[in-house]
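**Q** Any chance you could fold what I've pasted below:
(3 chains)
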Amino acid sequence: MQASCGGMELRPALLAWYRRNARDLPWRGTRDPYAILVSEVLLQQTRVEQARGYYARFLAAFPDLNALAQASEEDVLRVWAGAGYYRRARNLHRLAQAVAKTGLPAAPAELEELPGIGPYTAAAVASIAFGKPVAAVDGNVRRVLARLFTVDVPSARWLQETAERLLDRAGPGVWNQALMELGSLVCTPKRPACATCPVARFCQGKGAAERYPLPRARRRTAVSATALVLKGAGGYVLERRDGRVLGGLWGFPLAEGKGAREHLLSRYGLASARPLGTVEHAFTHKKLTIRVYAAPWSGPDEDPNARPLSVLDGKILALAERGPGP
DNA sequence: AATACGGGGCC
DNA sequence: GGCCCAGTATT
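**A** The predicted structure is shown next:
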(Lines give C-alpha, C1' and ligand atoms only; values in the text may rest on other atoms or scores of the structure.)
Protein backbone atom coordinates (compact mmCIF):
# COMPACT_ATOMS: atom_id res chain seq x y z
CA MET A 1 0.00 0.00 0.00
CA GLN A 2 1.35 3.38 -0.88
CA ALA A 3 1.58 6.06 1.75
CA SER A 4 -1.31 8.38 1.25
CA CYS A 5 -0.80 12.04 0.52
CA GLY A 6 -3.20 13.61 2.92
CA GLY A 7 -3.91 11.02 5.57
CA MET A 8 -3.18 7.73 7.23
CA GLU A 9 -2.27 4.52 5.54
CA LEU A 10 -4.60 1.56 5.41
CA ARG A 11 -3.11 -0.44 8.27
CA PRO A 12 -3.17 2.21 10.99
CA ALA A 13 -6.58 3.38 9.81
CA LEU A 14 -8.08 -0.08 10.23
CA LEU A 15 -6.28 -0.74 13.51
CA ALA A 16 -7.46 2.56 14.98
CA TRP A 17 -11.01 1.70 13.98
CA TYR A 18 -10.68 -1.79 15.46
CA ARG A 19 -9.43 -0.48 18.80
CA ARG A 20 -12.56 1.63 19.11
CA ASN A 21 -15.13 -0.73 17.62
CA ALA A 22 -14.07 -4.31 18.37
CA ARG A 23 -16.89 -6.30 19.93
CA ASP A 24 -16.30 -7.65 23.40
CA LEU A 25 -16.32 -11.35 22.51
CA PRO A 26 -15.59 -13.99 25.15
CA TRP A 27 -12.65 -15.56 23.29
CA ARG A 28 -10.95 -12.16 22.98
CA GLY A 29 -10.28 -12.13 26.70
CA THR A 30 -8.11 -15.25 26.74
CA ARG A 31 -4.58 -16.20 25.75
CA ASP A 32 -5.28 -19.91 26.19
CA PRO A 33 -4.55 -21.57 22.82
CA TYR A 34 -7.05 -24.34 23.55
CA ALA A 35 -9.86 -21.87 24.23
CA ILE A 36 -8.94 -19.93 21.09
CA LEU A 37 -8.96 -23.17 19.08
CA VAL A 38 -12.41 -24.06 20.42
CA SER A 39 -13.72 -20.64 19.44
CA GLU A 40 -12.28 -20.90 15.94
CA VAL A 41 -13.72 -24.36 15.30
CA LEU A 42 -17.08 -23.24 16.63
CA LEU A 43 -16.98 -20.22 14.33
CA GLN A 44 -16.51 -22.33 11.20
CA GLN A 45 -19.54 -21.44 9.07
CA THR A 46 -21.28 -20.27 12.21
CA ARG A 47 -22.27 -16.75 13.17
CA VAL A 48 -20.61 -15.09 16.11
CA GLU A 49 -23.85 -14.67 18.01
CA GLN A 50 -24.71 -18.33 17.61
CA ALA A 51 -21.23 -19.49 18.61
CA ARG A 52 -21.18 -17.46 21.84
CA GLY A 53 -23.44 -19.76 23.83
CA TYR A 54 -21.81 -22.95 22.63
CA TYR A 55 -18.37 -21.58 23.45
CA ALA A 56 -19.26 -21.01 27.10
CA ARG A 57 -21.02 -24.34 27.31
CA PHE A 58 -18.20 -26.29 25.68
CA LEU A 59 -15.46 -24.78 27.82
CA ALA A 60 -17.48 -25.34 30.98
CA ALA A 61 -17.83 -29.02 30.07
CA PHE A 62 -14.27 -29.47 28.74
CA PRO A 63 -12.04 -26.76 30.24
CA ASP A 64 -8.78 -28.02 28.76
CA LEU A 65 -7.21 -30.41 26.27
CA ASN A 66 -7.00 -33.23 28.82
CA ALA A 67 -10.62 -32.95 29.88
CA LEU A 68 -11.71 -33.11 26.25
CA ALA A 69 -9.37 -35.98 25.44
CA GLN A 70 -10.71 -38.06 28.31
CA ALA A 71 -14.38 -37.45 27.57
CA SER A 72 -16.41 -39.94 25.55
CA GLU A 73 -17.31 -38.97 21.99
CA GLU A 74 -20.96 -39.12 22.94
CA ASP A 75 -20.48 -36.62 25.78
CA VAL A 76 -18.73 -34.29 23.37
CA LEU A 77 -21.57 -34.58 20.87
CA ARG A 78 -24.15 -33.98 23.57
CA VAL A 79 -22.55 -30.64 24.38
CA TRP A 80 -22.21 -29.80 20.69
CA ALA A 81 -25.77 -30.85 19.81
CA GLY A 82 -27.63 -28.11 17.98
CA ALA A 83 -24.52 -26.33 16.75
CA GLY A 84 -24.40 -28.26 13.48
CA TYR A 85 -21.51 -29.61 11.41
CA TYR A 86 -21.04 -32.41 13.92
CA ARG A 87 -17.86 -33.54 12.21
CA ARG A 88 -16.29 -30.54 13.91
CA ALA A 89 -16.97 -31.94 17.38
CA ARG A 90 -15.69 -35.40 16.50
CA ASN A 91 -12.56 -33.94 14.93
CA LEU A 92 -11.93 -31.68 17.92
CA HIS A 93 -12.23 -34.70 20.18
CA ARG A 94 -9.75 -36.66 18.08
CA LEU A 95 -7.44 -33.67 17.97
CA ALA A 96 -7.44 -33.40 21.75
CA GLN A 97 -6.53 -37.06 22.07
CA ALA A 98 -3.69 -36.57 19.60
CA VAL A 99 -2.05 -33.57 21.28
CA ALA A 100 -3.16 -33.79 24.92
CA LYS A 101 0.35 -34.90 25.95
CA THR A 102 2.33 -32.40 23.90
CA GLY A 103 0.04 -29.40 23.75
CA LEU A 104 -1.04 -27.57 20.61
CA PRO A 105 1.67 -26.89 18.04
CA ALA A 106 2.27 -23.22 17.19
CA ALA A 107 3.31 -23.63 13.56
CA PRO A 108 0.51 -23.28 11.00
CA ALA A 109 1.75 -26.26 8.99
CA GLU A 110 1.62 -28.53 12.03
CA LEU A 111 -1.78 -27.23 13.06
CA GLU A 112 -3.15 -27.92 9.61
CA GLU A 113 -2.22 -31.58 9.88
CA LEU A 114 -4.63 -31.98 12.78
CA PRO A 115 -8.17 -33.21 12.13
CA GLY A 116 -10.68 -30.47 11.39
CA ILE A 117 -8.02 -27.80 11.01
CA GLY A 118 -7.80 -26.25 7.55
CA PRO A 119 -5.92 -23.23 6.23
CA TYR A 120 -8.13 -20.68 7.94
CA THR A 121 -8.20 -22.21 11.41
CA ALA A 122 -4.49 -23.02 11.33
CA ALA A 123 -3.69 -19.39 10.50
CA ALA A 124 -6.17 -18.01 13.01
CA VAL A 125 -4.84 -20.10 15.91
CA ALA A 126 -1.19 -19.58 14.94
CA SER A 127 -1.60 -15.81 14.73
CA ILE A 128 -4.05 -15.15 17.56
CA ALA A 129 -2.79 -17.66 20.10
CA PHE A 130 0.89 -17.80 19.17
CA GLY A 131 1.59 -14.49 17.40
CA LYS A 132 2.79 -16.17 14.21
CA PRO A 133 2.80 -13.86 11.16
CA VAL A 134 0.27 -15.63 8.94
CA ALA A 135 -2.84 -14.24 7.30
CA ALA A 136 -6.19 -15.85 8.12
CA VAL A 137 -8.60 -15.67 5.20
CA ASP A 138 -12.24 -16.30 6.04
CA GLY A 139 -15.44 -15.24 4.31
CA ASN A 140 -15.19 -11.73 5.74
CA VAL A 141 -11.62 -11.20 4.59
CA ARG A 142 -12.52 -12.62 1.19
CA ARG A 143 -15.25 -10.03 0.78
CA VAL A 144 -13.16 -7.12 2.09
CA LEU A 145 -10.23 -7.90 -0.21
CA ALA A 146 -12.45 -8.50 -3.24
CA ARG A 147 -13.95 -5.04 -2.76
CA LEU A 148 -10.72 -3.24 -1.90
CA PHE A 149 -9.22 -4.45 -5.19
CA THR A 150 -12.38 -4.99 -7.29
CA VAL A 151 -11.90 -8.71 -7.90
CA ASP A 152 -15.23 -10.33 -8.73
CA VAL A 153 -14.15 -13.98 -8.48
CA PRO A 154 -11.19 -14.09 -6.09
CA SER A 155 -9.20 -17.33 -6.20
CA ALA A 156 -7.94 -18.94 -3.02
CA ARG A 157 -4.38 -18.31 -4.15
CA TRP A 158 -4.93 -14.62 -4.84
CA LEU A 159 -6.71 -14.19 -1.54
CA GLN A 160 -3.91 -15.76 0.47
CA GLU A 161 -1.20 -13.79 -1.35
CA THR A 162 -3.04 -10.50 -1.01
CA ALA A 163 -3.79 -11.09 2.65
CA GLU A 164 -0.13 -11.96 3.33
CA ARG A 165 0.95 -8.76 1.60
CA LEU A 166 -1.40 -6.68 3.72
CA LEU A 167 -0.67 -8.49 6.99
CA ASP A 168 0.59 -6.45 9.91
CA ARG A 169 3.52 -8.62 10.93
CA ALA A 170 3.93 -6.71 14.18
CA GLY A 171 0.54 -7.87 15.42
CA PRO A 172 -0.85 -10.55 13.13
CA GLY A 173 -3.52 -11.80 15.54
CA VAL A 174 -5.05 -8.39 16.07
CA TRP A 175 -4.72 -7.58 12.37
CA ASN A 176 -6.52 -10.72 11.26
CA GLN A 177 -9.33 -10.05 13.69
CA ALA A 178 -9.55 -6.41 12.64
CA LEU A 179 -10.01 -7.38 8.99
CA MET A 180 -12.69 -9.93 9.92
CA GLU A 181 -14.41 -7.46 12.23
CA LEU A 182 -14.54 -4.91 9.43
CA GLY A 183 -16.18 -7.46 7.16
CA SER A 184 -18.62 -8.43 9.86
CA LEU A 185 -19.66 -4.96 11.02
CA VAL A 186 -19.03 -2.56 8.11
CA CYS A 187 -18.16 -4.32 4.86
CA THR A 188 -21.25 -6.53 5.06
CA PRO A 189 -22.57 -8.69 2.21
CA LYS A 190 -25.65 -6.52 1.73
CA ARG A 191 -25.63 -2.74 2.01
CA PRO A 192 -22.13 -2.19 3.34
CA ALA A 193 -21.60 1.00 5.34
CA CYS A 194 -19.09 2.59 2.96
CA ALA A 195 -19.93 6.06 4.31
CA THR A 196 -18.50 5.20 7.70
CA CYS A 197 -15.84 2.71 6.59
CA PRO A 198 -12.41 3.52 8.03
CA VAL A 199 -10.65 2.33 4.86
CA ALA A 200 -13.10 3.63 2.26
CA ARG A 201 -10.49 5.92 0.74
CA PHE A 202 -8.36 2.91 -0.09
CA CYS A 203 -11.25 0.95 -1.55
CA GLN A 204 -11.65 0.61 -5.32
CA GLY A 205 -14.97 -1.20 -5.02
CA LYS A 206 -16.64 1.42 -2.86
CA GLY A 207 -20.13 2.12 -4.16
CA ALA A 208 -20.27 -1.04 -6.28
CA ALA A 209 -20.01 -3.52 -3.46
CA GLU A 210 -22.61 -5.91 -4.90
CA ARG A 211 -20.23 -6.73 -7.76
CA TYR A 212 -17.36 -7.81 -5.50
CA PRO A 213 -17.31 -10.64 -4.93
CA LEU A 214 -19.99 -12.14 -7.19
CA PRO A 215 -22.38 -14.47 -5.36
CA ARG A 216 -21.54 -18.15 -5.54
CA ALA A 217 -23.98 -20.48 -7.24
CA ARG A 218 -25.95 -22.73 -4.91
CA ARG A 219 -28.94 -24.91 -5.07
CA ARG A 220 -31.06 -26.81 -2.63
CA THR A 221 -32.94 -29.91 -3.76
CA ALA A 222 -36.17 -31.12 -2.26
CA VAL A 223 -36.04 -34.62 -0.80
CA SER A 224 -38.80 -36.70 0.78
CA ALA A 225 -38.10 -39.02 3.68
CA THR A 226 -39.84 -41.19 6.24
CA ALA A 227 -39.21 -41.46 9.97
CA LEU A 228 -40.45 -44.04 12.44
CA VAL A 229 -41.53 -43.26 16.00
CA LEU A 230 -41.49 -46.49 18.02
CA LYS A 231 -42.47 -45.71 21.59
CA GLY A 232 -41.45 -48.18 24.22
CA ALA A 233 -41.61 -48.31 27.99
CA GLY A 234 -38.51 -46.19 28.61
CA GLY A 235 -38.40 -43.98 25.53
CA TYR A 236 -38.10 -44.54 21.81
CA VAL A 237 -36.18 -46.64 19.36
CA LEU A 238 -33.19 -44.49 18.40
CA GLU A 239 -30.41 -45.40 16.01
CA ARG A 240 -26.87 -44.11 16.11
CA ARG A 241 -26.26 -42.45 12.77
CA ASP A 242 -23.04 -43.46 11.08
CA GLY A 243 -23.28 -41.83 7.68
CA ARG A 244 -21.84 -38.51 6.61
CA VAL A 245 -25.00 -36.71 7.64
CA LEU A 246 -25.38 -36.15 11.39
CA GLY A 247 -22.74 -38.79 11.99
CA GLY A 248 -22.34 -39.88 15.59
CA LEU A 249 -25.65 -38.46 16.70
CA TRP A 250 -28.70 -40.46 17.63
CA GLY A 251 -32.05 -40.19 15.94
CA PHE A 252 -35.29 -41.85 14.93
CA PRO A 253 -35.12 -44.49 12.21
CA LEU A 254 -35.05 -42.44 9.03
CA ALA A 255 -34.83 -43.24 5.34
CA GLU A 256 -35.00 -41.15 2.19
CA GLY A 257 -36.73 -41.68 -1.10
CA LYS A 258 -39.23 -44.15 -2.48
CA GLY A 259 -39.98 -47.27 -0.48
CA ALA A 260 -38.52 -45.69 2.63
CA ARG A 261 -41.55 -46.51 4.74
CA GLU A 262 -41.67 -50.18 3.78
CA HIS A 263 -37.93 -50.43 4.27
CA LEU A 264 -38.16 -49.07 7.81
CA LEU A 265 -41.18 -51.21 8.70
CA SER A 266 -39.46 -54.37 7.59
CA ARG A 267 -36.31 -53.42 9.52
CA TYR A 268 -38.36 -53.55 12.69
CA GLY A 269 -40.63 -56.41 11.69
CA LEU A 270 -43.76 -54.28 11.59
CA ALA A 271 -46.80 -54.78 9.36
CA SER A 272 -48.11 -51.22 9.62
CA ALA A 273 -47.80 -47.83 11.31
CA ARG A 274 -50.11 -44.87 11.63
CA PRO A 275 -49.24 -41.46 10.18
CA LEU A 276 -48.31 -38.95 12.87
CA GLY A 277 -47.59 -35.86 10.83
CA THR A 278 -44.95 -34.13 8.76
CA VAL A 279 -41.68 -32.46 9.73
CA GLU A 280 -39.75 -30.04 7.52
CA HIS A 281 -36.04 -29.58 7.90
CA ALA A 282 -33.66 -27.63 5.69
CA PHE A 283 -29.98 -28.44 5.34
CA THR A 284 -27.56 -26.32 3.36
CA HIS A 285 -27.80 -28.57 0.36
CA LYS A 286 -31.26 -30.10 0.58
CA LYS A 287 -34.70 -29.60 2.00
CA LEU A 288 -36.19 -32.61 3.71
CA THR A 289 -39.92 -33.27 4.01
CA ILE A 290 -40.27 -36.09 6.50
CA ARG A 291 -43.45 -38.09 6.89
CA VAL A 292 -43.51 -39.44 10.42
CA TYR A 293 -45.21 -42.75 11.29
CA ALA A 294 -45.81 -44.21 14.74
CA ALA A 295 -46.22 -47.77 16.00
CA PRO A 296 -46.18 -49.44 19.40
CA TRP A 297 -42.93 -51.04 20.48
CA SER A 298 -42.05 -53.48 23.21
CA GLY A 299 -38.38 -54.09 22.51
CA PRO A 300 -35.34 -52.20 23.72
CA ASP A 301 -35.49 -48.41 23.54
CA GLU A 302 -33.51 -45.27 24.39
CA ASP A 303 -34.13 -42.23 26.56
CA PRO A 304 -34.01 -39.37 24.02
CA ASN A 305 -32.88 -36.92 26.69
CA ALA A 306 -29.82 -39.02 27.41
CA ARG A 307 -28.62 -39.16 23.80
CA PRO A 308 -27.16 -36.47 21.57
CA LEU A 309 -29.92 -35.48 19.12
CA SER A 310 -29.80 -33.13 16.16
CA VAL A 311 -32.33 -30.37 15.75
CA LEU A 312 -33.98 -32.50 13.06
CA ASP A 313 -34.62 -35.35 15.48
CA GLY A 314 -35.68 -32.82 18.12
CA LYS A 315 -38.47 -31.81 15.75
CA ILE A 316 -39.58 -35.41 15.32
CA LEU A 317 -39.43 -35.90 19.08
CA ALA A 318 -41.59 -32.83 19.64
CA LEU A 319 -44.15 -34.18 17.18
CA ALA A 320 -44.12 -37.57 18.89
CA GLU A 321 -44.68 -36.08 22.34
CA ARG A 322 -47.31 -33.66 21.12
CA GLY A 323 -49.17 -36.28 19.10
CA PRO A 324 -50.85 -35.59 15.78
CA GLY A 325 -51.63 -31.88 15.77
CA PRO A 326 -54.64 -29.98 14.47
C1' DA B 1 -12.59 -26.74 -8.93
C1' DA B 2 -16.86 -28.70 -7.22
C1' DT B 3 -19.58 -30.77 -3.74
C1' DA B 4 -21.27 -32.36 0.88
C1' DC B 5 -21.98 -30.90 5.28
C1' DG B 6 -26.32 -28.02 10.12
C1' DG B 7 -28.28 -24.50 11.93
C1' DG B 8 -29.80 -19.90 12.68
C1' DG B 9 -30.78 -15.12 11.69
C1' DC B 10 -31.84 -11.58 8.55
C1' DC B 11 -34.30 -9.41 4.52
C1' DG C 1 -37.87 -18.42 0.73
C1' DG C 2 -33.24 -17.01 -0.38
C1' DC C 3 -28.81 -15.75 1.41
C1' DC C 4 -24.73 -16.55 4.00
C1' DC C 5 -21.97 -17.10 7.94
C1' DA C 6 -14.31 -16.45 11.68
C1' DG C 7 -14.57 -23.60 6.63
C1' DT C 8 -13.02 -28.50 6.04
C1' DA C 9 -12.67 -32.88 3.81
C1' DT C 10 -13.26 -35.38 -0.13
C1' DT C 11 -13.31 -36.17 -4.90
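**Q** which bits of the stretch 1-150 of chain A sit near DNA strand C?
**A** A:25, A:27-28, A:39-40, A:43-48, A:85, A:87, A:91, A:115-122, A:124, A:138-140, A:143 (Cβ under 7 Å from any atom of the strand). Quick note: C-beta positions are derived from backbone N, CA and C, even for glycine.
**Q** Ok, the stretch 201-326 of chain A next?
**A** Residues of the stretch 201-326 of chain A lying near DNA strand C (Cβ under 7 Å from any atom of the strand): A:Pro215, A:Arg216, A:Arg218, A:Arg220, A:Thr284, A:Lys287.
**Q** Just give the nearest non-adjacent residue to A:Ala83, would you?
**A** A:Tyr54 (4.9 Å; Cβ to Cβ, 6 or more residues apart in numbering).
**Q** Now do the contacts for that neighbour.
**A** A:Leu42, A:Val79, A:Trp80, A:Gly82, A:Ala83 (Cβ atoms under 8 Å, 6 or more residues apart in numbering).
**Q** and if you look at A:Glu74?
**A** Counted by Cβ under 8 Å, 6+ apart, A:Glu74 has contacts A:Gly248, A:Arg307, A:Pro308.
**Q** just checking, next helix/strand downstream of the helix or strand it falls within?
**A** Taking DSSP states H and E as the criterion, A:Glu74 maps to helix A:73-80. On the C-terminal side of helix A:73-80, the closest following helix or strand by DSSP H and E is helix A:87-99.
**Q** Name the residue of chain A that lies nearest to DNA strand C.
**A** A:Gly118 (2.5 Å; Cβ to the nearest atom of the strand).
**Q** pretty sure that residue contacts A:Pro108?
**A** No. Between A:Gly118 and A:Pro108 there is no contact under Cβ atoms under 8 Å: 10.7 Å.
**Q** Of these two, which one has the most company?
**A** Shown here are A:Gly118 and A:Pro108; by other Cβ atoms under 10 Å, A:Pro108 has more neighbours (21 against 11).
**Q** Show the contacting residues for that one.
**A** Counting by Cβ under 8 Å, 6+ apart, A:Pro108 has contacts A:Ala122, A:Ala123, A:Ala126, A:Lys132, A:Val134.
**Q** Can you name the residue of chain A nearest to DNA strand B?
**A** Counting by Cβ to the nearest atom of the strand, chain A gets nearest DNA strand B through A:Gly84, at 2.6 Å.
**Q** Spit out the contact partners of the residue lying closest to that residue once chain neighbours are set aside.
**A** Spatial nearest neighbour of A:Gly84, excluding adjacent residues (Cβ to Cβ, 6+ apart): A:Thr46 at 7.0 Å. Residues in contact with A:Thr46 (Cβ under 8 Å, 6+ apart) are A:Ala83, A:Gly84, A:Tyr85.
**Q** again with A:Ala227
**A** Per Cβ under 8 Å, 6+ apart, neighbours of A:Ala227: A:Phe252, A:Pro253, A:Leu254, A:Leu264, A:Val279, A:Ile290, A:Arg291, A:Val292, A:Tyr293, A:Ile316.
**Q** got these as TSV, with secondary structure columns?
**A** Shown next, in TSV, are the contacts of A:Ala227 (DSSP: H, G, I helix; E, B strand; the rest coil):
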residue	secondary structure
A:Phe252	coil
A:Pro253	coil
A:Leu254	strand
A:Leu264	helix
A:Val279	strand
A:Ile290	strand
A:Arg291	strand
A:Val292	strand
A:Tyr293	strand
A:Ile316	helix
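**Q** How about the residues of chain A by DNA strand B?
**A** Counting by Cβ under 7 Å from any atom of the strand, chain A sits next to DNA strand B at A:45-47, A:49-50, A:82-87, A:155-156, A:190, A:217, A:243-247, A:281-286, A:310-312.
**Q** Can I have the buried ones of those residues as a ChimeraX selection?
**A** Those of the residues of chain A next to DNA strand B that count as buried under 16 or more other Cβ atoms under 10 Å are selected in ChimeraX with:
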select /A:83,84,86,245,246,281,310,312
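**Q** Which of the residues of chain A next to DNA strand B fall within helices?
**A** Within those, residues falling in helices by DSSP state H are A:Glu49, A:Gln50, A:Arg87, A:Ala156, A:Val311, A:Leu312.
**Q** will you turn these into CSV that also has pLDDT?
**A** Formatted as CSV, these follow (pLDDT from 0 to 100):
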residue, pLDDT
A:Glu49, 93
A:Gln50, 93
A:Arg87, 96
A:Ala156, 90
A:Val311, 94
A:Leu312, 96
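**Q** how about the residues you listed in CSV, adding distance to A:Gly173?
**A** Output for those, formatted as CSV (distance: Cβ to Cβ, whole Å):
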residue, distance to A:Gly173
A:Glu49, 22
A:Gln50, 23
A:Arg87, 26
A:Ala156, 22
A:Val311, 33
A:Leu312, 37
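**Q** Much appreciated, bye for now.
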